[in-house]
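> here is the input, now give the coordinates:
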Amino acid sequence: MPDVNLTESRLTRTSAGTMATGSRTSITSTSTRRQRRIVRAVVQVAEAWRVATEAVAAAARWAGRTVRPAGAVVVVAASLGLAFGLIFGWVEWMVAGSAALLLLVMAVPFLFGARAYAVDLALTHERVVAGHGVTGEIVVRNESARPTLPGRLDIPVGRGLVEFGVPLLRPGQDTTEPLEIPPLPRGVVRVGPVTTVRSDPIGLLRREHAFDDVHEVFVHPRTVGLPSTSAGLMRDLEGNATRRLVDADMSFHAIREYVPGDSRRQVHWKSTAKTGRLMVRQYEESRRSRMAVVLAAATQEYADADEYELAVSAAASLGIRAVRDARDIDIVTGSEIPRVVKGRLRAIRHVPVISPRALLDGFSGLDRHENTMPVEDVCRLASEANERLSIAFVVVGSAVPLGRLRQAALAFPVDTAVAAVICDERAHPRMQSIAGLTVLTIGTLDDLSGLLARGATS
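Numbering: from 1, shown residues only. The predicted structure follows:
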């Protein structure tokens, strides 16, 4: 009997322990489910808040693009009129609010069809000379299955804008309009993208859609024909003799006595027979003529923008003549330097000289800079970049004195002929030589051709 009671007692305790464990397990699982529900609810609330925030932001962006100032006034009038009319029972306010709301509702259909157009913009030329305009045409086609209401096309041209009215178009119908861009100044002008504009007659709402077709028009500087570089200040196209003496070349220098190591092929037998000693020929090293054109780029070096344009045209004319004569040429100008590192950084910009078109395209993108190196430093970097220069042209404005021009000339090797071109629209054309520096002063672009021709025949 005692054994039986002991066994029953143990069974009772075991059953009680099992029940307690099950109770704890049940409580734990319930707590875990509750935490999961809380986490899920927090995640759903956060997701709903994110969606609502994005929707409000998108609506705000849409309203900012679509609702014009007049439309914003009408929206405020409709909101206040209906609100005050319903709250205070003011019939006049309710009528005003209802009228404003009706105007907004009537303006909405005019926004439809902004993406129904297919627009093709074509320009007759994408490279013109400064002072000339550009012509082209624009074709608008209705690609939707229903007629489109009249609209408008906006075509950005640089900082300007050209507008076209589009009539009512049936499905599949197109219309062609000529495009005439007025004379443009030198530069790279961006034409496009074409933007369709849908707006109601009152101007409350506005919807725009921009296409991807963008054209870049290179407006080249004016140039003038110059004398060939085979004469005058730019002679020696095939190469010129230097002061370095070598054993074999094209320019004969003298005959000297043979020294061990000389080539037997250079022995001058007639002189050897006369003197009774081996005599050899000696030559001056010839090198291909290489030319540099340095264009001053600092705003302080020119009296005004027109003077800088004259300098760009003069430098471009010199470059075009050299490229057409197949001369090795390097065209450099100052590059913009950040103000924080001005004085510690040196940088120049090279104009491409692969072809006349590439050269003129490069000149189209040049501009003056407030923070750039003075022309003397640009000449120094140009000299370091070209070891074998035979002639260099330095094109500057009237604000550069002769003392700085002489410093610029000293940056080049002693055997490099340096000519300075001073652009001064108020001066008379003249050519002068100052301490070995040839200075050409021009007032118009045609003066450069006349002065170089005079130098070629003198």
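
> C-alpha only now, for contacts and for neighbours.
Noted.

> Gly203 reaches Val73, doesn't it?
No. Using Cα atoms under 8 Å, Gly203 is not in contact with Val73, being 11.5 Å away.

> how far does stretch 187-196 stretch from start to finish?
27 Å (Cα to Cα, to the nearest Å).

> now that stretch: buried residues?
Neighbour-count burial for stretch 187-196 flags Gly187, Val188, Val189, Val191, Gly192, Pro193, Val194, Thr195, Thr196 (criterion: 16 or more other Cα atoms under 10 Å).

> and the nearest residue to the last one once chain neighbours are set aside, how far from Gln432?
In this structure, Thr196 finds its nearest non-sequential neighbour in Leu153, 4.7 Å apart by Cα to Cα, 6 or more residues apart in numbering. For Leu153, the distance to Gln432 equals 57 Å [Cα to Cα].

> and those two? Which one has more around it.
Leu153 (21 against 11; other Cα atoms under 10 Å).

> the more buried one: what secondary structure?
At Leu153 the chain is in strand, as set by DSSP: H, G, I helix; E, B strand; the rest coil.

> and the buried residues of stretch 187-196, which two are furthest apart?
Within these, Gly187 and Thr196 form the most distant pair, 26.7 Å apart (Cα to Cα).

> partners of Leu205 in the sheet?
For Leu205, the beta-bridge partners are Val67 (DSSP bridges).

> same thing with Val139?
Asp120, Thr176.

> now do stretch 398-409: everything it contacts.
Residues outside stretch 398-409 that contact it (Cα atoms under 8 Å, 6 or more residues apart in numbering) are 300-303, 375-377, 379-380, 418, 420, 422-424, 437.

> now the stretch 251-400 of the chain, which segments are flagged as low pLDDT?
251-253, 283-289, 340-344 (pLDDT under 70).

> which stretches in it count as helices?
According to DSSP state H, counting those that start in this stretch, the stretch 251-400 of the chain carries its helices in the segments 269-275, 305-324, 356-364, 375-385.

> just the CA atoms of the shortest one, as CSV, please.
Yep, that's helix 269-275 we're talking about. Extracted C-alpha coordinates of helix 269-275, given in CSV (Å, rounded to 0.1, in the frame of the first residue of the first chain):
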residue,chain,number,x,y,z
TRP,A,269,86.6,63.4,-101.7
LYS,A,270,87.4,66.6,-103.7
SER,A,271,88.4,68.4,-100.5
THR,A,272,90.3,65.4,-99.3
ALA,A,273,92.3,65.4,-102.5
LYS,A,274,93.1,69.1,-102.2
THR,A,275,94.1,69.0,-98.6
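
> mind listing what's buried in stretch 134-144?
So for stretch 134-144, counting by 16+ other Cα under 10 Å, buried means Val134, Ile138, Val140, Arg141, Asn142, Glu143, Ser144.

> would the fourth one count as being in a strand?
In other words, Arg141. Yes. Read with three-state DSSP, Arg141 is one of the residues of a strand.

> and it, how far from Gly192?
Distance of Arg141 to Gly192, computed by Cα to Cα: 18 Å.

> check the third one too.
Distance of Val140 to Gly192, given as Cα to Cα: 15 Å.

> what's the answer for Val56, then?
31 Å.

> which strand or helix spans Arg34?
Per DSSP states H and E: Arg34 is located in helix 2-66.

> meant to ask about Val188, not that
Here Val188 is covered by strand 187-191, with elements defined by DSSP H and E.

> quick one: distance of that strand to the chain centre.
Distance, stretch centre to chain centre, for strand 187-191: 9 Å (Cα atoms, centre = their mean, to the nearest Å).

> which SSE is immediately downstream of it?
Following strand 187-191 in sequence order, the next helix or strand is strand 195-199 (DSSP H and E).

> what sits up against stretch 258-265?
Residues from elsewhere that reach stretch 258-265, judged by Cα under 8 Å, 6+ apart: Asp247, Val267, Arg277, Leu278, Met279, Val280.

> how close does the closest residue to the last one other than its chain neighbours get to Arg281?
Here the nearest residue to Val280 in space, its sequence neighbours aside, is Val267; by Cα to Cα, 6+ apart that works out to 4.2 Å. With distances defined as Cα to Cα, the gap from Val267 to Arg281 amounts to 6 Å.

> and what of Gly443?
Counting by Cα to Cα, the gap from Gly443 to Arg281 is 51 Å.

> looking at those two now, which is surrounded by more residues?
The neighbour count for Gly443 versus Arg281, taken as other Cα under 10 Å, is higher for Arg281 (22 against 18).

> okay, and the beta partners of the more buried one?
With DSSP bridges applied, Arg281 shows beta-bridge pairing to Ile255.

> that one contacts Lys270, correct?
No. In this structure Arg281 lies outside contact range of Lys270 using Cα under 8 Å: 11.2 Å.

> joint contacts of these two?
When contacts are counted by Cα under 8 Å, 6+ apart, the set common to Arg281 and Lys270 is empty.

> before we move on, back to that, beyond the helix holding Arg34, next helix or strand please.
helix 69-88.

> who does that next one touch, helix- and strand-wise?
Applying 3 or more Cα pairs under 8 Å, 6 or more residues apart in numbering; DSSP states H and E, we find helix 69-88 packed against helix 91-107.

> so, low pLDDT: which residues of the stretch 1-150 of the chain?
Along the stretch 1-150 of the chain, the parts satisfying pLDDT under 70 run over 1-28, 62, 113-115.

> quickly note the distance from the residue nearest to Val280 to Thr275.
From Val267 to Thr275 the distance is 13 Å (Cα to Cα).
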